[in-house]
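>>> sequence below, structure please.
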Amino acid sequence: MDILSDVLAVVRAGRPRSALVGWDAPWAQRFPPVPGAVGFRVVLRGECVLIPSDGVPVRLGTGDVVLLPHGGTHVLADHADTPPATEVCDPDLAEPPPVHGDTMTLCGAYELAPAGGHPLLRDLPEVVHLSGGPELRSTVDLLAAELLRPGLGTDGVVPALLDLVLLYALRTWFAERRPGWGAALRDPVVSRALEAIHTEPARPWTVASLAERGGLSRAPFARRFTELTGRSPGRYLTWWRMTTAARLLRESDVPLAVVAEKVGYRSEFAFATAFKRQYELAPGRYRRFAAGARDVRS
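Residues are numbered from 1 along each chain as shown. Have a look, this model is predicted:
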């Protein structure tokens with residue numbers, strides 16, 4: 001089980017929204033906050049500067065990728081001193097934006113499922129700037145080519161490439177010896193326990209059985225797991241079960257009793273109680289709410 005892919009598949013909802021925009025200097029554009037989303041900026045041509053609401057401006061060049069894991073407000077500009085335009089950039093435009101200009105950027109957002117923010121994402125800083133390795137750069141090049149010269153299948157290719165951009169960006173970030181979740185994914189003991197939870201969420205795991213899977217005794221395992229992930233093994237197991245259940249409720253019509261069984265609950269009542277504790281909605285109401293949100297997006 002690939003933990004990173006598994007996390008993103010569960011916590012991301014819908015298709016990524018994106019817009020290809022061209023700029024001629026002088027220019028500056030303010031982007032509003034997007035709660036419940038991971039924003040992204042990809043520089044496909046030219047140079048610019050990203051100015052976060054609270055932080056140091058980040059100079060960007062062709063091929064650079066910026067993730068905004070918490071959907072924070074920021075300004076994108078040709079120069080830090082250029083005053084931003086008054087209008088707000090909308091990444092969900094009905095008509096394709098112009099793509100001419102000295103600088104061309106891809107702007108957009110990945111929508112997160114309700115209450116679906118994984119601690120892996122919450123561990124990230126406000127701005128993640130990556131020049132990227134060869135895989136990320138190659139994906140950005142393919143994305144630029146597909147957007148500039150669309151053809152048969154573009155509507156399927158672009159979301160897939162955007163998913164690759166997100167995955168390669170996060171892989172690059174966590175591979176750079178980052179603390180917190182980066183360390184958890186590299187730690188052989190904790191990563192084996194996480195793999196067990198993600199592979200078999202319905203199994204009646206205990207701290208002792210997870211510690212055995214990781215090859216460590218119970219007490220030091222629990223301390224190590226909590227220190228690296230920010231949650232005790234039991235709390236993480238419950239959280240992942242409810243997160244998995246939420247995905248099943250959003251994406252399938254299986255009965256609630258089946259959903260409960262798939263995430264380790266023999267009692268539908270006990271499952272509903274645990275689910276409501278995390279999402280503040282009963283499972284049935286959550287399913288109806290998610291279906292209504294899908295109808296609005298479509």
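
>>> quick one: contacts of the longest helix seen in the chain?
Using DSSP state H, we find that the single longest helix of the chain is helix 154-175. Residues outside helix 154-175 that contact it (Cβ atoms under 8 Å, 6 or more residues apart in numbering) are 4-5, 8, 15-16, 18, 38, 40, 42, 65, 67, 108, 110, 124, 128, 130, 132-133, 135-136, 139-140, 142-143, 146-147, 181-182, 185-186. The way it works is simple: take the backbone N, C-alpha and C, and place the C-beta from them, glycine included.

>>> next SSE after it?
Where DSSP states H and E defines the elements, the next helix or strand beyond helix 154-175 is helix 181-186.

>>> helices and strands around that following helix, which ones?
helix 154-175, helix 188-199, helix 218-229 (3 or more Cβ pairs under 8 Å, 6 or more residues apart in numbering; DSSP states H and E).

>>> in it, what's buried?
Across helix 181-186, burial judged by 16 or more other Cβ atoms under 10 Å covers 181, 182, 183, 184, 185.

>>> possible to save the residues you listed as JSON lines with distance to residue 250?
Below are those laid out as JSON lines (distance: Cβ to Cβ, whole Å):
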{"residue": "181", "distance to residue 250": "24"}
{"residue": "182", "distance to residue 250": "28"}
{"residue": "183", "distance to residue 250": "31"}
{"residue": "184", "distance to residue 250": "26"}
{"residue": "185", "distance to residue 250": "26"}
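
>>> go through the residues you listed and name the one nearest residue 82.
residue 182 (34.9 Å; Cβ to Cβ).

>>> so the closest one makes contact with residue 190?
No: between residue 182 and residue 190 there is no contact under Cβ atoms under 8 Å: 11.5 Å.

>>> would you agree residue 80 is in contact with residue 52?
No: Residue 80 is beyond contact range of residue 52, at 11.5 Å (criterion: Cβ under 8 Å).
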